[in-house]
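[1] no sequence on hand, only this structure:
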């Protein structure tokens, strides 16, 4: 189920706080949002009477607003259940399945993908195309992703769904205000305006960093309200969540843990500097260290680890120590007590965990009285797409009047 | 002048946001706060009529509330100025000097100090006692500071001032909720409850990390709304300010840049780990590198630098490169485009700047399109005391009814 956490947002932090509040909502629109939010935020289905209690609105008002949300297919009515006290049976309300949907898009170094999520939080469609997009041309890659997205949109619309918008996840620095990709070292892209290249016409498309969207996908689960999210593919991305809010720094370019110094005498990185974490614990560095082809699938590394191959074990242990060192810096600077490891690290965690933990215990100043938890991400391999689709639906729920 | 920036706070970030709002302010108390804030936030003195315009309150209400604030000596009336239009001359209002004051206290490795600030932002008294508090006993040091504070309190009260409270700055990890110092490696203190040891009776005393209070002191000046503050003494502390708000992470233990990895094969640090920034760019490391006594005054190093002493220049350049590397990690992880250097770094900046800038340009992923600014702190050598006193006065201005 899609939990609608107010305040978790990718809006740039420099947006004046008054701007959203000043949006000219009529009272009725605000009440509509209040009712929709009550149903979406509740872990259990609510009846109209429950919504009246939780919002403080009059029952007749709630009933009218619920009728609008049901007619507009944002909410659905479940089979009535017998009332606990005397009276008519209560009709539980729930988010509507397969009505309004959000589209999550992603370009990563080794795949393209698109994913469709409905208001219940279910992924109703997902397609991933493996590829090699190292030093690729955005003018070729983005139209390919756009075509894939158009197929999914056509299929969803053929089944009567309405696609509210899309979020594009990219492995690089995205300016949240302009949607411009500043740089994605592993794609070899810089200063790209990606939305026009997708060719999706009038569909609203926002762009965001892939690790930040993937971190938001974790919030659907049982994760701690504050955590550092770190995810590895060829590059390594990170996000900071404090009290269920993404922390974005001044401009949203934070979380570049892949370029934290592990050893100044280490190898040269794609960014131009020396000894970055990515050169020890990125996917290509791991593969190379294990004596495998850099573009081999992760399963090849896992098989080698399961076979106790010395090269593979050595490479992953070195990566674990490097990752632990960079994570210790991250915790010392940002102070969050839970680390969620995503992407390739989710799979490799059993072999990484001891070295990561040892370095955190050694280097984090607060560790003696507040040990750092390290856990695997739960949102699956395409978390950024799921997180992106979830953000689109969050926007729908913030302005339900536009959809009913 | 003390600018009263609402929202800049050391409250722990996990405090429920509703808690402050739920405080049972009567309407009159809230209006009193509104009026006080209007005067304190304005860069120019306001008349009663100006306050009515800026708050939207009725003129008669404003006049009554201003009278209370003037009688309670939070505000003062300046000499009348001729009205621009016909009518009575306007009486400009300003924060009252030498009435209600805040006390900033600090223990650092090489000094103890106390400072008294009034509502105009002026430091009305300040005493600093040099010392050597490496591996000291808090049960000896804190009562000494308490006695110093009591002298200042007695002097202030003899002049008719009212001391609203105190903030104690410590160079270590402070739990903002409990006021407990978890660890201060360079003092050799751990698990200390410092407030009772000060012996200041009923005076409200809060405890905070020294770099965070020093960063707040910068907000009194013309600094960018978002900056990283990094300050060196024996240890190196840091704070993150985004949009004039301190970012505290999950528990307020962030900003430990002194323990970021510069080189894993480097020297062992006071924290137990190897190659921490403090071992390259802390004050003792600098002194030792320059061939000076570790407890020599900073001026000795400056004289050696001015005399182009090779050892001193080499030590400071090595420190600059190490600091630049750690700052690059900080910017990559947190994304703030302005760095303010305080403490010993303010003095040493002319000799550090080139190496710091070179490392930032090399290692910060966003640097090619958004260069990082490096500048000297402006709040002076005892910024943490000033920032602490300022926080006390901020609390006064948030509840003026308690003081009139």
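    Noted; the coordinates are in hand. Computed from a prediction, not measured in an experiment: that's the story for all the values here.
[2] all helices in chain A, in order from the N-terminus.
    Secondary structure of chain A (DSSP state H): helices located at A:17-21, A:27-41, A:48-55, A:59-71, A:138-158, A:194-198, A:210-218, A:278-281, A:283-289, A:298-306, A:310-334, A:344-363, A:383-398.
[3] now the ones you listed in a markdown table, with mean pLDDT and mean neighbour count?
    Where C-beta positions appear, they are placed from N, C-alpha and C, glycine not excepted. As requested, the helices of chain A are exported to a markdown table (pLDDT from 0 to 100; neighbours: other Cβ atoms under 10 Å in any protein chain shown):
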| stretch | mean pLDDT | mean neighbour count |
| --- | --- | --- |
| helix A:17-21 | 37 | 9 |
| helix A:27-41 | 90 | 19 |
| helix A:48-55 | 93 | 19 |
| helix A:59-71 | 95 | 17 |
| helix A:138-158 | 98 | 17 |
| helix A:194-198 | 97 | 18 |
| helix A:210-218 | 95 | 29 |
| helix A:278-281 | 97 | 27 |
| helix A:283-289 | 96 | 22 |
| helix A:298-306 | 97 | 16 |
| helix A:310-334 | 97 | 24 |
| helix A:344-363 | 97 | 20 |
| helix A:383-398 | 94 | 26 |
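[4] would JSON lines of those helices with distance to chain B be doable?
    As requested, those are arranged in JSON lines below (distance: least, Cβ to the nearest Cβ, whole Å):
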{"stretch": "helix A:17-21", "distance to chain B": "9"}
{"stretch": "helix A:27-41", "distance to chain B": "15"}
{"stretch": "helix A:48-55", "distance to chain B": "15"}
{"stretch": "helix A:59-71", "distance to chain B": "23"}
{"stretch": "helix A:138-158", "distance to chain B": "17"}
{"stretch": "helix A:194-198", "distance to chain B": "16"}
{"stretch": "helix A:210-218", "distance to chain B": "12"}
{"stretch": "helix A:278-281", "distance to chain B": "11"}
{"stretch": "helix A:283-289", "distance to chain B": "17"}
{"stretch": "helix A:298-306", "distance to chain B": "24"}
{"stretch": "helix A:310-334", "distance to chain B": "4"}
{"stretch": "helix A:344-363", "distance to chain B": "5"}
{"stretch": "helix A:383-398", "distance to chain B": "18"}
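[5] looking at these, which is closest to residue A:175?
    The closest of the helices of chain A to residue A:175 is helix A:194-198. By Cβ to Cβ, the value is 11.5 Å.
[6] contact partners of that closest one?
    Among residues not part of helix A:194-198, those counted as contacts by Cβ atoms under 8 Å, 6 or more residues apart in numbering or on different chains are A:105, A:138-139, A:142-143, A:145-146, A:149, A:166, A:168, A:170, A:179, A:181, A:205, A:207.
[7] cool, stretch A:69-78 as well?
    Among residues not part of stretch A:69-78, those counted as contacts by Cβ under 8 Å, 6+ apart are A:32, A:35-36, A:39, A:45, A:66, A:91-97, A:99-100, A:119, A:396-397, A:400, A:403-404.
[8] coming back round to it: quick check: which of the helices of chain A is nearest to residue B:59?
    Relative to residue B:59, the nearest member of these by Cβ to Cβ is helix A:17-21, separated by 25.5 Å.
[9] nearest to chain B: which residue in the stretch 301-404 of chain A?
    Among all residues of the stretch 301-404 of chain A, residue A:335 sits closest to chain B, at 2.9 Å; criterion: Cβ to the nearest Cβ.
[10] of the helices of chain A, which approaches residue B:328 most closely?
    Comparing the helices of chain A against residue B:328 with Cβ to Cβ, the closest turns out to be helix A:310-334 (11.0 Å).
[11] what angle separates the closest one from helix A:298-306?
    When axes from the mean of the first three to the mean of the last three Cα atoms, to 10 degrees is applied, the directions of helix A:310-334 and helix A:298-306 differ by 110 degrees.
[12] now the nearest residue to residue A:96 once chain neighbours are set aside, which residues is it bridged with?
    Once its chain neighbours are removed from consideration, residue A:96 has its nearest residue in residue A:76; the separation is 4.3 Å (Cβ to Cβ, 6 or more residues apart in numbering or on different chains). Partner residues in beta bridges with residue A:76, using DSSP bridges, are residue A:94.
[13] one more: residue A:192?
    According to DSSP bridges, the partner residues bridging residue A:192 are residue A:181.
[14] these two touch, right, it and residue A:138?
    Yes - proximity of residue A:192 to residue A:138 meets the contact threshold set by Cβ atoms under 8 Å, at 4.7 Å.
[15] please tell me I have it right and residue A:257 contacts residue B:335.
    No - taking Cβ under 8 Å as the contact criterion, residue A:257 and residue B:335 are not neighbours in contact, 12.0 Å apart.
[16] could you pull up the residues touching residue A:52?
    Taking Cβ under 8 Å, 6+ apart, we find residue A:52 in contact with A:58, A:59, A:61, A:62.
[17] and the pLDDT for the residue nearest to residue A:300 when sequence neighbours are not counted?
    In space, residue A:300 comes closest to residue A:292 once its chain neighbours are excluded; the distance is 5.3 Å by Cβ to Cβ, 6+ apart. On the pLDDT scale, residue A:292 is placed at 97.
[18] quick check: residue A:292 vs residue A:312, distance?
    Per Cβ to Cβ, to the nearest Å, residue A:292 is found 8 Å from residue A:312.
[19] need the overlap of contacts for the two.
    Common neighbours of residue A:292 and residue A:312 (Cβ under 8 Å, 6+ apart) are A:301, A:304.
[20] picking that back up, the closest residue to the residue of the stretch 301-404 of chain A closest to chain B other than its chain neighbours: neighbouring residues, count only.
    In space, residue A:335 comes closest to residue B:249 once its chain neighbours are excluded; the distance is 2.9 Å by Cβ to Cβ, 6+ apart. Residue B:249 has 23 neighbouring residues, counting by other Cβ atoms under 10 Å in any protein chain shown.
[21] separation between residue B:249 and residue B:41?
    Distance of residue B:249 to residue B:41, given as Cβ to Cβ: 28 Å.
[22] any chance of the backbone angles for residue A:222?
    Phi and psi for residue A:222, reported as degrees, to the nearest 10, are phi -100, psi 30.
[23] contacting residues around it?
    Contact criterion Cβ under 8 Å, 6+ apart gives residue A:378 as the residues in contact with residue A:222.
[24] just the one 3 residues further on next, same as before
    If you count contacts by Cβ under 8 Å, 6+ apart, residue A:225 has them with A:241, A:242, A:243, A:244.
[25] go with 6 Å
    With contacts defined as Cβ atoms under 6 Å, 6 or more residues apart in numbering or on different chains, residue A:225 is in contact with A:243, A:244.
[26] now swap in residue A:345 and tell me
    Contacts for residue A:345 were tallied using Cβ under 6 Å, 6+ apart; they are residue A:232.
[27] before we move on, what about residue A:109?
    When contacts are counted by Cβ under 6 Å, 6+ apart, residue A:109 is found next to A:133, A:134, A:186, A:233, A:234.
[28] what's in contact with stretch A:123-134?
    Applying Cβ under 6 Å, 6+ apart, the external contacts of stretch A:123-134 come out as A:109, A:111-118, A:141, A:148, A:152, A:187.
[29] ok, of those residues, which one's closest to chain B?
    Using Cβ to the nearest Cβ, those come closest to chain B at residue A:187, 13.5 Å.
[30] ok, how many other residues are close to the closest one?
    When counting by other Cβ under 10 Å, one arrives at 24 neighbours for residue A:187.
[31] how about residue A:255?
    With neighbours defined by other Cβ under 10 Å, the count for residue A:255 comes to 30.
[32] pretty sure it is touching residue A:235, no?
    No - in this structure, residue A:255 sits apart from residue A:235 without contact. The criterion is Cβ atoms under 6 Å, and the distance is 11.3 Å.
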